[in-house]
Every structure is written in structure tokens, then in C-alpha cells.
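> Any chance you can model this:
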Amino acid sequence: MSNLLAGVYLAKGTIGNAGTPGAPVASFSLVVVPAQHSVTGTVVVTQAVPGPDSHITVQVTGKIYATGLGKFTQVVTLNGQYVQTVQPPAIGAFLADFNAHMAIDSSWNGTGGFSYWQHDIENVPVKAIQ
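Alright, predicted model coming up:
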């Protein structure tokens, strides 16, 4: 069991233009198992606008791979689903997809993007939180 846990670590950070008013930002907290190319955890998407898209919590799973290319030494993908409510006058909710991708260095800094219902954010900073 200790050999399995030896390569496991926690990665925390953001994807998006944090600090830019109104910009959606995806904050992640992930358990990473590089030997199994496995990533699992939680992403919280926040946006400083009223409505159902202002705070979304998504349980995600994904993959991590070494690239061997330039300054971005790893690529990460995340996928999950969350309950999206519809705006009035409509009534209801449905399962919506969340996807993210990152090209990062060993410190989890780089570039990436994410998408969720009717939103597609590309080419934004990925920044680690210590």
C-alpha cells in the first residue's frame, strides 16, 4: 500500500483570468496519481455575474501524461457533469458537461481552457496555489 501512495500528490490551482472582473475561473483541487495517469477531484467554477452560472461545483476525473516537450512537461484533461438549472421563465434542470485541458510545467503553471454549458474559455493561464 505504501508503494501505491508514494507517487500520489494534491494539486490545487486555477484555470482562467483570475482577477479580471466578470471572467469565469475554474478552481481545482485534484488528487494526482502519475503512475496510473489518473486525476480525480473537484472543480468550482465561479463568475461574478448573477445567475445559475455564477457558482458551479463539479466532481471530475481525468488523465495526466508527460509530454517531454519544451516548458510544458505535462498535459491534463478533466471531465465531469453537474446539475445546470435553467433561467426563468423556463423551469427545470439537466445534467451538463464540464471539460478542461491544461498544458503545464511540473509546478502546475501553464495554459489551458475549460468549457461548460454555453461557455467555452480558451487560452487562459493555469496557476498553481500553494
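
> Would you check how far apart the most far-flung residue of the chain relative to its centre and Val58 are?
The outermost residue of the chain relative to its centre, with distances by C-alpha atoms, centre = their mean, is Pro89 at 30.6 Å. Pro89 is 27 Å from Val58, where distance means C-beta to C-beta, to the nearest Å. Using the backbone N, CA and C atoms, a C-beta is placed for each residue, glycine as well.

> wait, what's in contact with the nearest residue to Trp117 once chain neighbours are set aside?
Nearest non-adjacent residue to Trp117, counting by C-beta to C-beta, 6 or more residues apart in numbering: Ala96, 4.0 Å away. If you count contacts by C-beta atoms under 8 Å, 6 or more residues apart in numbering, Ala96 has them with 81-84, 116-117.

> same thing but at 7 Å, please
81-82, 84, 116-117 (C-beta atoms under 7 Å, 6 or more residues apart in numbering).

> Buried subset of the residues you listed as a PyMOL selection?
To isolate the buried members of these in PyMOL, using 16 or more other C-beta atoms under 10 Å:
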select buried, resi 82+84+116
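
> Cross-reference the contacts of Ala96 with the strands and report the matches.
Cross-referencing these against strands under DSSP state E gives 81-82, 84, 116.

> To be precise, which single item in those has the lowest pLDDT?
Of all the ones in strands among the contacts of Ala96, Gln84 carries the smallest pLDDT score, 90.

> Might one say that that residue is in contact with Ala90?
No - here Gln84 lies out of contact with Ala90, judged by C-beta atoms under 7 Å, at a distance of 11.6 Å.

> Tell me which stretches of this structure form helices.
2-6 (DSSP state H).

> rewinding a little: as a markdown table, the ones in strands among the contacts of Ala96 with distance to Gly70 would be great.
Shown next, in a markdown table, are the ones in strands among the contacts of Ala96 (distance: C-beta to C-beta, whole Å):
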| residue | distance to Gly70 |
| --- | --- |
| Gln81 | 33 |
| Tyr82 | 33 |
| Gln84 | 37 |
| Tyr116 | 29 |
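
> With that, I have no additional questions.
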